[in-house]
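Undergrad: What would the 3D arrangement of this be:
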Amino acid sequence: MDELNLKPIAYIRTDFPEKFGIPRQSGIIPEIKGKIVFEPEFRDANALREIEQYTHLWLIWGFSDNRKKEGWEPTVRPPRLGGNVRVGVFASRSPYRPNPLGLTVVKLEKTEDTKEGKVLIVSGPDMKDMTPIYDIKPYLPYVDAIPEASDGFALNKKEGSLKVEFEPRAASAMDEEKRIVLEKVLSQDPRPQYQDEPGRIYKMSFGNMEIEFTVENDRVLVRNVEKRTDKSGKS
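TA: As a prediction, this is how the structure comes out:
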């Protein structure tokens, strides 16, 4: 079999309508929730029989937001290395790959019966809203976890090292649960790691909100939070 045609079995709903701000790896922020909604063709509840016996799942998904030109390159510049060092594409988790597939481990919180069929509620995803999912497999710790494995260059910077503060008006514009999650997202420093411009105002979408923040030294200041509106003007 030289080629494989894939079709989404499901899409995940998350609070990240854009790439900016998504955690760089899954599980870093377990408070982030996702809802996996199956396509009508795959909504047979029998396909999920006994899935709740597992605490974690592998998701195989597609980098659907790639806007890179056709083709592939043998090397990439990981943001983790400052964006100016090239490594082999297969030595990275870059989305720009010969086949743009992602692999993520999430925690299965529960299943729910909804008008869209049985859905999976998961925690810790590192995926954009409406990311297509091509397959789901159980995570088996006795074979999938390798404690002595090397981290390579992936841990050359401490995660969650920034202190996050909110302007009073910004803090009051969010409910506490969302504010706690946003605080943890921003503490990871969502900016490209080669970018350090004190005073620059960054914007990111989170849920139905537009967030404005600045970063200086090791401090993030959330300056403003507003309801997002779509192109029709609806919030």
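
Undergrad: quick one: the helices in the chain?
TA: Ranges of helices within the chain are 141-144, 168-172, 176-187, based on DSSP state H.

Undergrad: Mind putting these into a markdown table with distance to residue 63?
TA: In short, each C-beta sits where N, CA and C put it, glycine included. Conversion of the helices of the chain to a markdown table gives the following (distance: least, CB to CB, whole Å):
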| stretch | distance to residue 63 |
| --- | --- |
| helix 141-144 | 22 |
| helix 168-172 | 31 |
| helix 176-187 | 20 |
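
Undergrad: hey, which helix or strand in this structure has the poorest pLDDT?
TA: The helix or strand of the chain with the poorest confidence is strand 75-76; it has a mean of 88 (mean pLDDT, DSSP states H and E).

Undergrad: Provide the strand pairings for that one, with the direction of each partner.
TA: strand 87-88 (antiparallel) (DSSP bridges).

Undergrad: And for the partner strand, what's in contact with it?
TA: Strand 87-88 has contacts (CB atoms under 8 Å, 6 or more residues apart in numbering) with 74-78, 81, 153.

Undergrad: Each with direction, which strands does the biggest strand by length in the chain pair with?
TA: What stands out as the longest strand in the chain, according to DSSP state E, is strand 101-114. Using DSSP bridges, the strands paired with strand 101-114 in its sheet are strand 56-62 (antiparallel), strand 117-123 (antiparallel).

Undergrad: Go through the first one and flag the buried ones.
TA: Read it as strand 56-62. 56-59, 61-62 (16 or more other CB atoms under 10 Å).

Undergrad: Measure how far it is from the centre of its chain, please.
TA: Distance, stretch centre to chain centre, for strand 56-62: 12 Å (CA atoms, centre = their mean, to the nearest Å).

Undergrad: try the last one
TA: Once both centres are worked out by CA atoms, centre = their mean, strand 117-123 turns out to sit 16 Å from its chain's centre.

Undergrad: any idea which residue sits dead centre in the chain?
TA: residue 126 (2.0 Å; CA atoms, centre = their mean).

Undergrad: Leaving out the residues flanking it, which one is nearest to that residue?
TA: Ranked by CB to CB, 6 or more residues apart in numbering and with sequence neighbours excluded, the top spatial neighbour of residue 126 is residue 26, at 4.4 Å.

Undergrad: Show me what the longest strand of the chain is in contact with.
TA: By CB under 8 Å, 6+ apart, the residues outside strand 101-114 that reach it are 26-27, 30, 33-34, 48, 51-52, 54-63, 93, 95, 118-127, 131, 134, 139.

Undergrad: Kindly recompute the last result at 6 Å.
TA: Residues outside strand 101-114 that contact it (CB atoms under 6 Å, 6 or more residues apart in numbering): 26, 56-59, 61, 63, 118-126, 139.

Undergrad: on that earlier part again, distance to residue 203 and mean pLDDT for the strands paired with strand 101-114 - can I get that in a markdown table?
TA: Below are those laid out as a markdown table (distance: least, CB to CB, whole Å; pLDDT from 0 to 100):
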| stretch | distance to residue 203 | mean pLDDT |
| --- | --- | --- |
| strand 56-62 | 26 | 97 |
| strand 117-123 | 26 | 97 |
